[in-house]
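Asks: prediction below, plus the sequence it came from.
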Amino acid sequence: MSSSSSSSSAAAAPVERPSAVFSIGINGLTSVVLSQPGGYSAEVLLYGGQVISWKNKRGDELLFISKKAVFEPYNPIRGGIPICFPKFINNGNTEQLGFARLRFWEIDTSIDLTTSSDEASIDLILRPTHDDLLNFPNQFEFRLRVILEPNGDLKMNSHISNLNSDGKPFTFLFSYHTYFYVSDISEVRIEGLEKVDYLDYLQNNHPFNLLKGPMQSLSNLKWTGCI
């Protein structure tokens, strides 16, 4: 892996083979730029392990970044693909939507950073800080692999290990809180969830079902790890 200085808004230089390159961007935040010969690219910040750019072969940005986004440590970056862990709702003392997006992740040096024959990828690790353990008293290791495929597909694989010395299990919530860039929000449709019960955050977390309407009870509501 080599080093350079750039930002996600700059046009990516063409590459002859899959590559993963260090980049220094806004406010000196380090990122890794993944590139494919077809012109596809993605940029991953070490801060938050957050993908902040994903471009197709024409250089069109597929992710939304707010103009009001703050690229400074200990501030959430509004846009891209924030990682929400160990929670996804506001309760208790842990930061809303979790602290994973507010921490600096390490590069996994145990894995060869050179790319495979057809993939560009980066492997990151998050471990709890002393302050994290005060609010979330569990030892864990969060491994994240971000992969840019030859056809431009972006894949994110997460593996969370329980490292509690006593083997005590713990519960958590997790989400890739993706901000997609869309040209016309009125044309956006979400299909396949018509029968799924959900909580409406804009309606005081009241349970709903698209087919049944407002629900009176949470007894049948189930959480899922896939969105």
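Replies: Okay, I see it.
Asks: a strand runs through V44, doesn't it?
Replies: Yes. Using DSSP: H, G, I helix; E, B strand; the rest coil, the assignment for V44 is a strand.
Asks: count of neighbours near I65?
Replies: Applying other CB atoms under 10 Å, we find 18 residues neighbouring I65. Yep, even glycine has a C-beta here, placed from its N, CA and C like the rest.
Asks: that one and G79 touch, don't they?
Replies: Yes. Contact criterion CB atoms under 8 Å: I65 and G79 qualify, at 3.4 Å.
Asks: identify the contacts common to those two.
Replies: Residues touching both I65 and G79 by CB atoms under 8 Å, 6 or more residues apart in numbering: I52, Y179.
Asks: helices of the chain, start to end?
Replies: For the chain, helices defined by DSSP state H occupy the ranges 130-135.
Asks: output the below-cut-off pLDDT ranges for it.
Replies: Within the chain, the stretches with pLDDT under 70 are 1-14, 89-95, 112-116, 212-227.
Asks: again, 80 this time
Replies: For the chain, the stretches with pLDDT under 80 are 1-15, 89-96, 111-117, 189-194, 198-205, 209-227.
Asks: what residues are up against the closest residue to G49 other than its chain neighbours?
Replies: Nearest residue to G49 in three dimensions, chain neighbours excluded: W105, at 4.2 Å (CB to CB, 6 or more residues apart in numbering). W105 makes contact with L46, Y47, G48, G49, L124, I125, L126, L144 under the criterion CB under 8 Å, 6+ apart.
Asks: was I right to think the second one contacts L29?
Replies: Just to be clear, that refers to Y47. Yes. Here Y47 reaches L29: they are 5.3 Å apart, a contact under CB under 8 Å.
Asks: which of the two has more residues huddled nearby?
Replies: Ranked by neighbour count (other CB under 10 Å), Y47 and L29 place Y47 first, with 23 against 20.
Asks: relative to T109, how far out is the more buried one?
Replies: As judged by CB to CB, to the nearest Å, Y47 and T109 stand 18 Å apart.
Asks: mind listing the strands in the protein by residue range?
Replies: In the chain, the segments counted as strands under DSSP state E are 2-5, 19-24, 30-35, 41-45, 51-55, 83-84, 106-107, 120-126, 140-148, 154-162, 175-176, 197-200, 206-209, 213-214.
Asks: ends of stretch 150-158, how far apart?
Replies: End-to-end distance of stretch 150-158: 21 Å, with CA to CA, to the nearest Å as the criterion.
Asks: what residues are up against I122?
Replies: So I122 contacts A20, V32, L34, V44, I107, L113, R145, V146 (CB under 8 Å, 6+ apart).
Asks: N27: neighbour count?
Replies: 10.
Asks: phi, psi for the nearest residue to it once chain neighbours are set aside please.
Replies: In this structure, N27 finds its nearest non-sequential neighbour in F71, 5.1 Å apart by CB to CB, 6+ apart. Main-chain dihedrals, F71, degrees, to the nearest 10: phi -100, psi 70.
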